[in-house]
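Asks: Sequence first, then the predicted structure:
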Amino acid sequence: MRVALIFAVCAGLGVAQRTPAPPPKADARIEGTVLASAGKVPLRRARVTINPLDPGRTPISAETDEKGRFEIREIVPGRYTVTATRDGYLDTSIALRNGYRMPAAFLINSRDNLTGLDFHMQAWSVITGKVKFDDGEPAPGIRVEVYREFHQRGRRLYRAVTTVQTNDRGEYRAYNLAPGDYFVAGVYERASDQPKLDNEGRPLPPTGFTTTFYPNTSKLAEALPVHVATGQEVGGVEIFLRSVRKVRVTGVVTSGISGAKLTTATILMQRIDAHNSGALPLPVRATFDKDAGFEIRDVAPGNYMVFAQGTESSKTMTTQMPLTVNDDTAG
């Protein structure tokens with residue numbers, strides 16, 4: 001009994017000593033101005049958001065007034081990043097204070113009053129045009145992808161920066177673009193389940209519309225870039241979808257360890273540009289037959305790099321090879 005009593009008293013004392021610390025007060029604030037880079041014109045309805053880096057906290061936003069001014073109050077101390085957004089302008093995380101650039105992540109202490117933050121926003125660029133079929137009729141509901149070139153480990157690669165869709169007139173408008181060079185493509189994905197037949201009922205080689213790059217080519221190597229300056233709208237970028245003969249790509253994947261045919265390999269394809277040093281991923285689906293041969297259907301003319309990856313004896317094997325599909329390649 002005495003032991004139990006002493007244990008209970010000690011436990012009670014232990015609990016009493018664990019007093020939780022009071023939560024930090026939300027007593028900091030920041031304020032500043034959002035301006036258009038061109039002419040330093042104040043921007044109304046811009047949104048400035050501080051994003052907490054500490055877990056469990058939510059972003060806080062404020063909208064600018066007619067003089068481009070914003071104020072964010074009742075900020076909990078901690079580490080934050082800040083961004084400014086507005087329709088018609090590129091998002092920016094660059095804030096100036098007293099002429100000096102703020103760090104990407106900064107500390108806000110209790111009772112801090114950060115004033116004089118300035119954002120200079122750059123107007124976005126726009127590319128507009130039409131997508132038509134090869135007979136000149138408008139192509140509604142077509143996905144238009146806009147790519148930008150970048151470099152990674154000495155390789156030239158392409159990334160889709162925006163995707164839009166044509167309206168009922170075949171028109172598209174790609175906006176929110178930074179100044180630079182872009183490649184534009186109309187992506188046609190409607191396939192027919194049944195092949196066309198000749199007069200004697202024999203299947204004809206498969207044909208159909210394919211992804212077409214500006215100005216009028218199915219080959220990335222022949223695509224031309226569209227240049228846009230800051231805030232510029234470039235119109236008249238028309239794409240005529242090309243109807244091409246599509247082919248089947250067949251082959252086998254052989255193990256470099258045992259020489260056996262692999263039926264579980266992953267096969268990927270990339271379009272190659274004119275320098276044979278840049279690539280754009282191509283969505284393909286390879287199927288394997290009972291003899292371990294693979295087949296990729298509906299491949300359009302162009303230059304490609306084919307990749308294969310497989311495993312054997314817990315070892316990963318990879319290989320690649322260039323592939324050229326001509327307009328007259330037999331399917």
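Replies: Sure thing, it's come through.
Asks: Once you drop chain neighbours, what's closest to Thr207?
Replies: Using CB to CB, 6 or more residues apart in numbering and skipping residues adjacent in sequence, the residue nearest Thr207 is Arg245, 5.1 Å away. Bear in mind the C-beta positions are built from the backbone N, C-alpha and C, glycine included.
Asks: Mind pulling up the pLDDT for the one you found?
Replies: Note on Arg245: pLDDT of 79.
Asks: likewise Gly14?
Replies: 50.
Asks: One more: Leu197?
Replies: 67.
Asks: Tell me where this structure has helices.
Replies: Secondary structure of the chain by DSSP state H: the helices cover 2-17.
Asks: Now for it, the helix or strand with the poorest mean pLDDT.
Replies: helix 2-17 (a mean of 44; mean pLDDT, DSSP states H and E).
Asks: check contacts around the nearest residue to Arg101 once chain neighbours are set aside.
Replies: If the residues on either side of it in the chain are set aside, Arg101 comes closest to Ile94, at 6.4 Å by CB to CB, 6+ apart. Ile94 makes contacts with 101-102, 119-120, as judged by CB atoms under 8 Å, 6 or more residues apart in numbering.
Asks: now these as JSON lines including neighbour count, distance to Thr210 and pLDDT?
Replies: Listed next are the contacts of Ile94 as JSON lines, based on neighbours: other CB atoms under 10 Å; distance: CB to CB, whole Å; pLDDT from 0 to 100:
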{"residue": "Arg101", "neighbour count": "9", "distance to Thr210": "46", "pLDDT": "94"}
{"residue": "Met102", "neighbour count": "17", "distance to Thr210": "48", "pLDDT": "93"}
{"residue": "Phe119", "neighbour count": "27", "distance to Thr210": "43", "pLDDT": "96"}
{"residue": "His120", "neighbour count": "18", "distance to Thr210": "43", "pLDDT": "96"}
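Asks: among the residues you listed, which two are most distant?
Replies: Farthest pair in the contacts of Ile94 (CB to CB) is Met102 and His120. Separation: 12.7 Å.
Asks: Overlap of the contact sets of those two?
Replies: In contact with both Met102 and His120: 94, 96, using CB under 8 Å, 6+ apart.
Asks: need the contact list for Val237.
Replies: Per CB under 8 Å, 6+ apart, neighbours of Val237: 127-129, 184, 214, 226.
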